[in-house]
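In: Need coordinates for the following:
(one chain, ligands or ions: 1)
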Amino acid sequence: MNIPALEVSHVTLARGGQVVLQDISFAVPKGSFVGVLGANGAGKTTVFRALLGLEPLQSGTVTVQGVPVHQGNPKVGYMPQMRKLVGGQLTGWSMVAAARKGQKWGLPWCGRPGRAAVDAALEAVDAQDLAKKPVASLSGGQRQRLLLAQTLLDDPSLLLLDEPLASLDPARMRETAARIHALAQARAMTVLMSAHDINPLLGLMDHVLYLARGKALLGTVDDVITTEALTALYNAPVDVVRAGGRVFVVAEGGGAALQPHDCTGGHTHA
Ligand SMILES: Nc1ncnc2c1ncn2[C@@H]1O[C@H](COP(=O)(O)OP(=O)(O)OP(=O)(O)O)[C@@H](O)[C@H]1O
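Out: Sure, this is the predicted structure:
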């Protein structure tokens, strides 16, 4: 039997006493690269927290590789959205090492296998050159690479990345998305990656998980990012406009349901 990487069945999630997502169901096949899209407050982070076992389910079930979701599963790697820079004077190597489990006295306790794991994670994101530099001296994009290296330490099979492209310029967005995609393929990882702009992910995603108005819709880009599907999801007129190889999702009144960036490196999406 082919067990999905992730199965969400009739799940309702609330934050601060308010229902954010109601009775959502979707299944993500193993090895899938999924873009998680939706406007501010649609519930992207809330879904990730539920997949980590950090949010109580008001109803329904979540399984990761057939096992009910639970906190601290080393097979699930997570890069949170709020990334305060702590320990800016640490080197890149130490910052990655600090995320290892098995720390002692608050210090990374590495040993030879641990050091090898840190080196391998840095190499995987092409960040060996950042290993000796103080984190405080690095650009936002370079720090993102170190954060990505941290998530790889436990060799996860499911990677949840909350807006890893935020604050990158358009060219770096595209480059970072492609890097994550290549890593996922090389390591046979399933990836869920939230974003505000679909364009850097075009041509890379196997599926889109679109969140709006308390509902969720999972499918291919061609199935989900259409005027019909999104109008039904929002229960309000939404236009999907394709121009210059980019996609824009525009709500009635001209407001962007997603926030497109000027993504000159974007692939044409047929
Ligand atoms: N700690 C909290 N306490 C109460 N309500 C919260 C909390 N965090 C989020 N919410 C609410 O839950 C809803 C979903 O928030 P969530 O952060 O999941 O959205 P999001 O899609 O990730 O948004 P963004 O794109 O802005 O990051 C929002 O209405 C938000 O106001």
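
In: name the element the closest residue to Leu165 other than its chain neighbours belongs to?
Out: Nearest non-adjacent residue to Leu165, counting by C-beta to C-beta, 6 or more residues apart in numbering: Met173, 4.4 Å away. Every C-beta, even on glycine, is put in place using the N, C-alpha and C of the backbone. If you go by DSSP states H and E, Met173 is part of helix 170-186.

In: For that helix, buried residues please.
Out: 170, 172-181, 183-184 (16 or more other C-beta atoms under 10 Å).

In: Okay, helices next: where are they in the stretch 101-250 of the chain?
Out: 111-124, 140-152, 170-186, 221-224, 227-234 (DSSP state H, counting those that start in this stretch).

In: Please save the CA atoms from the second one in CSV.
Out: What follows is helix 140-152, C-alpha atoms only, in CSV (Å, rounded to 0.1, in the frame of the first residue of the first chain):
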residue,chain,number,x,y,z
GLY,A,140,19.6,37.6,4.6
GLY,A,141,19.9,35.1,1.8
GLN,A,142,23.0,33.6,3.3
ARG,A,143,21.4,33.2,6.6
GLN,A,144,18.4,31.5,5.0
ARG,A,145,20.8,28.9,3.6
LEU,A,146,22.2,28.2,7.1
LEU,A,147,18.6,27.9,8.4
LEU,A,148,17.9,25.5,5.7
ALA,A,149,21.0,23.5,6.6
GLN,A,150,19.7,23.3,10.2
THR,A,151,16.5,21.7,9.0
LEU,A,152,18.5,19.0,7.2
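
In: What are the buried residues along that helix?
Out: For helix 140-152, by 16+ other C-beta under 10 Å, it's 141-152.

In: what would these look like in TSV with pLDDT and distance to the ligand?
Out: Below are the buried residues of helix 140-152 laid out as TSV (pLDDT from 0 to 100; distance: C-beta to the nearest ligand atom, whole Å):
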residue	pLDDT	distance to the ligand
Gly141	81	20
Gln142	86	23
Arg143	86	19
Gln144	84	16
Arg145	87	21
Leu146	90	22
Leu147	89	17
Leu148	89	19
Ala149	92	23
Gln150	91	20
Thr151	90	18
Leu152	91	23
